[in-house]
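Q: Could you look at this predicted model? Sequence included:
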Amino acid sequence: MEILSKNNVYKGFLTLNELDVKLENGENVRREVIEKKDTVAIVALNDKNEVFFTKQPRVAINKDCSIELPAGLVEPGENPETAARRELEEETGCICDSMELLQKFVADPGCCNNVSYMYLARGAKQVKELNLDDDEFLECFTIPLEKAFEMIDNGELYDAVSLISLMRLREKLNKI
């Protein structure tokens, strides 16, 4: 596969490009690619084995209240673990004893280029107020880990990053 040309269609929070691509069989095709910064999500466990969650409005799915793990963007030049620690502190006011990569994935390699990194933060402690961006309107709260697993099974949690992160943690804990 060879990229013959790249035309920027839109640049904002997301960037949309049209690519002219020469395939391995010699045919040329046009593909649309969405570029987005890499993301992080954090399963933050406190000493009571509770998980920190956020509740916030999400316009893309027309929901006033989406329950999700703390998450955010990796800024240019920032490594994912540093971004995870920063986002955890901003969205929950927490610091943690340790940060471990649970999984990384590309949500849709057919049209998107960003990588999502999911971390497990152990020993999370709330030490300060939330530090939210001007366009963030979220609340932070905790749920017992077992209840969070039940919420997956009951369909109460539905965003992909939270699901993959918690399912990966459940798999990891079942192996211990």
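A: Arrived safely.

Q: CA atoms for contacts and neighbours, from now on please.
A: OK.

Q: dump the residue contacts of the closest residue to residue 19 other than its chain neighbours.
A: Distances taken as C-alpha to C-alpha, 6 or more residues apart in numbering put residue 6 closest to residue 19, at 4.6 Å, once the chain neighbours are dropped. Applying C-alpha atoms under 8 Å, 6 or more residues apart in numbering, we find residue 6 in contact with 17-20.

Q: quick one: contacts of the longest helix anywhere in the chain?
A: Counting by DSSP state H, the longest helix found in the chain is helix 160-175. For helix 160-175, contacts defined as C-alpha under 8 Å, 6+ apart pick out 41-43, 68-69, 102-103, 116, 118-120, 148-149, 152, 157.

Q: can you pick the most crowded of the residues you listed?
A: residue 42 (31 neighbours; other C-alpha atoms under 10 Å).

Q: And that residue, how close does it get to residue 23?
A: 38 Å (C-alpha to C-alpha, to the nearest Å).

Q: before we move on, back to that, from the contacts of helix 160-175, which ones fall inside strands?
A: 41-43, 68, 102-103, 116, 118-120 (DSSP state E).

Q: Each with direction, which strands does the lowest-mean-pLDDT helix or strand in the chain pair with?
A: Lowest by mean pLDDT, DSSP states H and E among the helices and strands of the chain is strand 63-68, with a mean of 90. Sheet pairing for strand 63-68, assigned by DSSP bridges, gives strand 50-58 (antiparallel).

Q: Pull out the buried residues from the partner strand.
A: 50-56 (16 or more other C-alpha atoms under 10 Å).

Q: Now that residue 91 has come up, it's in contact with residue 136, right?
A: No. The criterion here is C-alpha atoms under 8 Å, and residue 91 misses it with residue 136 at 9.2 Å.

Q: Tell me which of those two has more neighbours.
A: More crowded of residue 91 and residue 136, by other C-alpha under 10 Å: residue 91, with 25 against 11.

Q: which residue sits closest to the more buried one, ignoring its sequence neighbours?
A: Residue 91's closest residue in space is residue 130 (C-alpha to C-alpha, 6+ apart), at 5.4 Å.

Q: give me the number of residues near that neighbour?
A: Quick note: residue 130 (other C-alpha under 10 Å) scores 17 neighbours.

Q: go on, residue 161?
A: Residue 161 has 23 nearby residues by other C-alpha under 10 Å.

Q: Would you mind listing where this structure has pLDDT under the threshold?
A: 176 (pLDDT under 70).

Q: now the residue of it most remote from its centre: how far from residue 109?
A: Distance from the centre of the chain peaks at residue 26, with 36.9 Å (C-alpha atoms, centre = their mean). Remark: distance between residue 26 and residue 109 (C-alpha to C-alpha) = 22 Å.
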